[in-house]
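> curious how this folds, go ahead:
(2 chains)
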Protein chains: 2
Amino acid sequence: MVLYVIGLGLGDETDITVRGLNAIKTCDKVFLENYTSILGIDHKLLTEYYGREVILADRECVESGAEVIYEQAKDKNIAFLVVGDPFCATTHTDLILRAQEIGARVEVIHNASVMGAAGACGLQLYHYGQTVSIPFFTEGWRPDSFYDKVAFNRKGGLHTLCLLDIKVKEPDFEAMARGRTVYLPPRFMTVNEALEQLLEIEDRRQENVYSRDTMCVGMARLGQPTQCIVAGTMQELLTVDFGGPLHCLAIAGDVHILEQEMLDHFSVANWNARQAAIQN
Amino acid sequence: MVLYVIGLGLGDETDITVRGLNAIKTCDKVFLENYTSILGIDHKLLTEYYGREVILADRECVESGAEVIYEQAKDKNIAFLVVGDPFCATTHTDLILRAQEIGARVEVIHNASVMGAAGACGLQLYHYGQTVSIPFFTEGWRPDSFYDKVAFNRKGGLHTLCLLDIKVKEPDFEAMARGRTVYLPPRFMTVNEALEQLLEIEDRRQENVYSRDTMCVGMARLGQPTQCIVAGTMQELLTVDFGGPLHCLAIAGDVHILEQEMLDHFSVANWNARQAAIQN
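Next up is the predicted model:
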């Protein structure tokens, strides 16, 4: 039988493809990978929309206990749903290879991912270098490997897409110490937090990779009706309120004329004018 | 009213999202951009599937006469369909800005693009540098700007996605000279042609950016049921038959362990074995 690995796209339940929806309707079990990203909607709503129970699969389940997912594909159709495109955050290589080893057919149904949708900000996808991840800093852990990658991209005049950390189902160690299994509420890094961390590393390393004057584009909820895109310098974007998750950030490299026209369109001044118009 | 700019994804008519399909059903006119890519299906089939006439929009129409598209969005819902994701090949910046200028609302509905789907080959999207385009060489025009970009990526250990040229609605100058407007049949660059051109440039420039031993992955018809992915050296892939369009090619940079497992899975030897099994 078939293990369908299906991308859900970026927005709500209707962002699945018709092909993906048709596939789910042939499945006995439906799992939703819920640790690398989140969708704009509740999984109970998905259950209703599909007419099938949607089982949440956390990181532990997918990475160490994935046989509960793929082993059933031996004699049933199973759907494994991933927000965005199945290959964008993780390749789910292990799941796919293991399923094929036990004789299941694997069919991947692609969808929009943040890496494609980021093109909406007007910086052409062709002019991006490697994508970087910005992790939440902690008291004692402030890694800066993204700095070298941004430096490399900027040396080539290339834009950098920064994917921002999310923390889902993080254990509450204080409660754990008292013998209870408790998870912290989910956290999603904002554009502002990412910029603060980026600037902290520039201040520490001082290699002039970027500065408070570097042009960036902050993006939130790409592909959703409340999508928010604002272009400005790092300094300008530090105080813009992008609203709810997910956020991501593009650091501009060399900006071409057509790209500039879109950045102007998304400028902080235009954004403020639109916000003022809504409030009046 | 609304100008919907809708991605169709990579495969057939069912690769549109449910949201996209719902949007089309509210539209008075439906245009299909048909010059940057092709879909695995005929546009007449789309007309039937949508219950609406699908008007083909060639490059000339979109780039110099786009007002026939966006001006109608003033008082009607109009759909502009793009294969893949709307922002992947071109950003359609002009169309979007002009439509907004005359007061139309623009809604973009994202979908899978080759840039995301290329993750299916097992090389992680995080480890790609900038994407390059390989144009068809002609007798007197053999540009090599992609060579510098591949060089830059490989210096950083990064993979390179190569998008391969397509020629749709190219004028037949011989017939034109005889006073008739005739177009040549469409041409789509194969993985083999791309490799030949890449090797020609390496032989000319000799900067050891890559060689016949460089690991690559050839991909054809990504996201379609007949999808074909084969990994091997440039030399090995030169003679693999990838079948019908569209093709694309990844040139591997530094390959991580998990990536290697997928490349092994897609090896030429495995491919030959599978082909032999089908024929027996």
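> tell me the contacts of the closest residue to chain B within the stretch 101-250 of chain A?
Closest contact between the stretch 101-250 of chain A and chain B, by Cβ to the nearest Cβ, is at residue A:119 (2.8 Å). The way it works is simple: take the backbone N, C-alpha and C, and place the C-beta from them, glycine included. Residues near residue A:119 by Cβ atoms under 8 Å, 6 or more residues apart in numbering or on different chains: A:125, B:85-88, B:91.
> and residue A:264, by the same measure?
Residue A:264 makes contacts with A:231, A:270, as judged by Cβ under 8 Å, 6+ apart.
> how much space separates it from residue B:105?
From residue A:264 over to residue B:105 the distance is 20 Å, taken as Cβ to Cβ, to the nearest Å.
> lowest-pLDDT helix or strand in chain A?
Least confident helix or strand of chain A, by mean pLDDT, DSSP states H and E, is helix A:59-64 with a mean of 69.
> tell me which helix or strand comes right after that helix.
Sequence-wise, the next helix or strand downstream of helix A:59-64 (DSSP states H and E) is helix A:67-70.
> for that next one, packing partners?
Other elements packing on helix A:67-70 under the criterion 3 or more Cβ pairs under 8 Å, 6 or more residues apart in numbering or on different chains; DSSP states H and E are helix A:59-64, strand A:78-82, helix A:93-101.
> tell me which of those sits most buried.
Most buried of the helices and strands packed on helix A:67-70 by mean neighbour count (mean count of other Cβ atoms under 10 Å in any protein chain shown) is strand A:78-82; its value is a mean of 27.
> and it, is it in reach of chain B?
No: against chain B, strand A:78-82 shows no contacts by Cβ under 8 Å from any Cβ of the partner chain, the least distance being 11.3 Å.
> with just CA atoms, put stretch A:22-32 into PDB.
As requested, the backbone C-alpha atoms of stretch A:22-32 are provided in PDB (Å, rounded to 0.1, in the frame of the first residue of the first chain):
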ATOM      1  CA  ASN A  22      -8.000  12.900  -2.600                       C
ATOM      2  CA  ALA A  23      -5.100  10.800  -1.300                       C
ATOM      3  CA  ILE A  24      -6.100  11.400   2.400                       C
ATOM      4  CA  LYS A  25      -9.600  10.200   1.600                       C
ATOM      5  CA  THR A  26      -8.100   6.800   0.700                       C
ATOM      6  CA  CYS A  27      -6.100   6.600   3.900                       C
ATOM      7  CA  ASP A  28      -6.800   4.500   7.000                       C
ATOM      8  CA  LYS A  29      -4.600   6.700   9.300                       C
ATOM      9  CA  VAL A  30      -3.500  10.300   9.100                       C
ATOM     10  CA  PHE A  31      -0.500  11.600  11.000                       C
ATOM     11  CA  LEU A  32       0.400  15.300  11.200                       C
END
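> what residues sit buried inside it?
Judged by neighbour count (16 or more other Cβ atoms under 10 Å in any protein chain shown), stretch A:22-32 contains these buried residues: A:23-24, A:27, A:29-32.
> just those residues now: which is nearest chain B?
For the buried residues of stretch A:22-32, the nearest to chain B is residue A:23 (9.7 Å; Cβ to the nearest Cβ).
> and that closest one, what element?
Here residue A:23 sits within helix A:18-24, counting by DSSP H and E.
> residue ranges with poor pLDDT in the stretch 51-200 of chain A?
A:59-60, A:62-65, A:89-91 (pLDDT under 70).
> mind listing the strands in it by residue range?
Taking DSSP state E, counting those that start in this stretch, the strands of the stretch 51-200 of chain A run over residues A:54-57, A:78-82, A:105-109, A:132-134, A:160-164, A:166-167, A:187-188.
> make JSON lines out of those and add distance to residue A:274.
Output for those, formatted as JSON lines (distance: least, Cβ to Cβ, whole Å):
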{"stretch": "strand A:54-57", "distance to residue A:274": "36"}
{"stretch": "strand A:78-82", "distance to residue A:274": "33"}
{"stretch": "strand A:105-109", "distance to residue A:274": "36"}
{"stretch": "strand A:132-134", "distance to residue A:274": "27"}
{"stretch": "strand A:160-164", "distance to residue A:274": "24"}
{"stretch": "strand A:166-167", "distance to residue A:274": "28"}
{"stretch": "strand A:187-188", "distance to residue A:274": "24"}
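> and among these, the most buried is which?
Most buried of the strands of the stretch 51-200 of chain A, by mean neighbour count (mean count of other Cβ under 10 Å): strand A:78-82, with a mean of 27.
> what residues does that one touch?
A:1-8, A:23-24, A:27-33, A:36-37, A:46, A:54, A:57, A:69-70, A:72, A:89, A:92, A:95.
> chain center to it: distance?
In terms of Cα atoms, centre = their mean, to the nearest Å, the centre of strand A:78-82 is found 18 Å from the chain centre.
> without its sequence neighbours, what residue ends up closest to residue A:167?
Nearest in space to residue A:167, with sequence neighbours left out and distances taken as Cβ to Cβ, 6 or more residues apart in numbering or on different chains, is residue A:187 at 4.4 Å.
> let me see the domain layout of chain A.
With domains defined by the TED database, chain A comprises A:2-112, A:115-279.
> what segments of chain A are helices?
Taking DSSP state H as the test, the helices found in chain A are A:18-24, A:43-50, A:59-64, A:67-70, A:93-101, A:114-117, A:145-155, A:173-177, A:191-205, A:234-237, A:257-265, A:268-279.
> now do the second one against strand A:78-82: the angle between them, please.
It stands for helix A:43-50. Here helix A:43-50 points in a direction 130 degrees away from that of strand A:78-82 (axes from the mean of the first three to the mean of the last three Cα atoms, to 10 degrees).
> show me what residue A:133 is bridged to.
Note on residue A:133: beta-bridge partners by DSSP bridges are residue A:163.
> wait, it sits on residue A:166?
No: taking contacts as Cβ atoms under 8 Å, residue A:133 lies outside contact range of residue A:166: 10.4 Å.
> re the thing from before, centre of the chain versus the helix holding residue A:23, how much separation?
With Cα atoms, centre = their mean, you get 22 Å for helix A:18-24.
> got the buried residues of stretch A:22-32 as JSON lines, with pLDDT and distance to residue A:280 columns?
Below are the buried residues of stretch A:22-32 laid out as JSON lines (pLDDT from 0 to 100; distance: Cβ to Cβ, whole Å):
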{"residue": "A:23", "pLDDT": "97", "distance to residue A:280": "47"}
{"residue": "A:24", "pLDDT": "97", "distance to residue A:280": "45"}
{"residue": "A:27", "pLDDT": "96", "distance to residue A:280": "50"}
{"residue": "A:29", "pLDDT": "93", "distance to residue A:280": "51"}
{"residue": "A:30", "pLDDT": "94", "distance to residue A:280": "46"}
{"residue": "A:31", "pLDDT": "92", "distance to residue A:280": "47"}
{"residue": "A:32", "pLDDT": "90", "distance to residue A:280": "41"}
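> quick check: the farthest pair among those residues?
A:23 and A:32 (14.2 Å; Cβ to Cβ).
> for the closest residue in space to residue A:152 that isn't next to it in sequence, give its distance to residue A:158.
Distances taken as Cβ to Cβ, 6+ apart put residue B:156 closest to residue A:152, at 5.1 Å, once the chain neighbours are dropped. To residue A:158, residue B:156 is 10 Å away according to Cβ to Cβ.
> for the stretch 151-280 of chain A, what lies in contact range of chain B?
Proximity of the stretch 151-280 of chain A to chain B (Cβ under 8 Å from any Cβ) is limited to residues A:152, A:156, A:158, A:222-223, A:258, A:261-262, A:265.
> and among the domains of chain A, the most buried is which?
Highest mean neighbour count among the domains of chain A (mean count of other Cβ under 10 Å): domain A:2-112, with a mean of 20.
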